[in-house]
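Engineer: pasting the sequence and the predicted model now:
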Amino acid sequence: MFFADSVFVGVDPTSSHKSYTFAALDKGLNLVALADGELDDVAAFLGGQQSVVVAVNAPAGVNRGLVREKLKKAMLTPHQIRAAEYRLAEHELRERGIAVTGTPAKEALSPGWMQSGFALYRKLNKLGFRKYPAENAPHQILETHPHACFCVLAGDVPLPKLSLEGKLQRQLLLYERGVRISDPMEFFEEITRYRVMKGAWALELLYLPEQLDALVAAYTAWLASNKPDHTSFVGDQKEGIIILPEASLKEKY
């Protein structure tokens, strides 16, 4: 699927259906694509766009020991230092109360979803994608984190992503930010005595957790491109920068 204008894509490598779930928004925040696919499918979609900024929900690189070095200088115990197996970006998020998975120092030790993320970065690098922000580059890529994105959008830690309440919350957060997706409040209009007794909930009105994660990444890519002063970041270029869809971050979430 090719779009003549710029598109903003979020890719989530943790789909339970395929290796990746991806969502694409146009400049007006209209949802123009939402699908699952394997690596070649995603690369073909992204590489075929005239202009695209893609945000990936996975680390851009392995742990290079920046936090470990920082803690060594602080004269902490070896046990405390060993416990800090996080990239600087991940460490900064955890310091703010946002729980994220740490990235190992070797790709082979990483969980499957991280390895899928690394594979996507390599594929897109070969296709000529440049790290955001790159001036006059029609194909750019950045790293984000879906849980951290929803934390900053909500101003608090959101409800569990697999729960009905958590899906409603995440979809509403995106809808209220102007992303042109289904209004989750319509779900409540479908609740009747009959449907409740039959267990016939209108779940088709809600997006799946991995779709919501891809959507918030796409929104982050859109914001980074169109309103960069409304974004913030954590981390270091040596290990990877995580971009988030809020101008400033709270000390604690």
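Structural biologist: Arrived safely. Computed from a predicted model, the values in this text were never measured in an experiment.

Engineer: please count neighbours and contacts with C-alpha atoms only from this point.
Structural biologist: OK.

Engineer: which residues touch the helix or strand residue 53 falls within?
Structural biologist: Secondary structure assignment for residue 53, by DSSP states H and E: strand 52-56. Contacting residues not belonging to strand 52-56 are listed as 6-12, 46, 117, 138-145, 217-218, 220-222, 225 [Cα atoms under 8 Å, 6 or more residues apart in numbering].

Engineer: rerun at 7 Å
Structural biologist: Under the criterion Cα atoms under 7 Å, 6 or more residues apart in numbering, residues 6-12, 138-144, 217-218, 221 lie in contact with strand 52-56.

Engineer: could I have the buried ones of the residues you listed as ChimeraX selection syntax?
Structural biologist: Buried members of the contacts of strand 52-56, defined by 16 or more other Cα atoms under 10 Å, are picked up in ChimeraX with:
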select :6,7,8,9,10,11,12,139,140,141,142,143,144,217,218,221
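
Engineer: just the contacts of strand 52-56: which are in helices?
Structural biologist: Under the assignment DSSP state H, those contribute 217, 218, 221 to helices.

Engineer: so which of those residues is the closest to residue 183?
Structural biologist: residue 218 (17.6 Å; Cα to Cα).

Engineer: surely that closest one is in contact with residue 7?
Structural biologist: No - Residue 218 is not in contact with residue 7 according to Cα atoms under 7 Å; the separation is 9.0 Å.

Engineer: residues that sit against both of the two, list them.
Structural biologist: 24, 25.

Engineer: could you report the neighbour count for residue 27?
Structural biologist: 14 (other Cα atoms under 10 Å).

Engineer: who's in contact with it?
Structural biologist: 6, 7.

Engineer: in what helix or strand does it lie?
Structural biologist: Using DSSP H and E, no helix or strand contains residue 27.

Engineer: distance of it relative to residue 103?
Structural biologist: Distance, residue 27 to residue 103, using Cα to Cα, to the nearest Å: 33 Å.

Engineer: make CSV out of the ones in helices among the contacts of strand 52-56 and add pLDDT and distance to residue 238.
Structural biologist: Putting the ones in helices among the contacts of strand 52-56 into CSV (pLDDT from 0 to 100; distance: Cα to Cα, whole Å) gives the following:
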residue, pLDDT, distance to residue 238
217, 98, 22
218, 98, 24
221, 98, 21
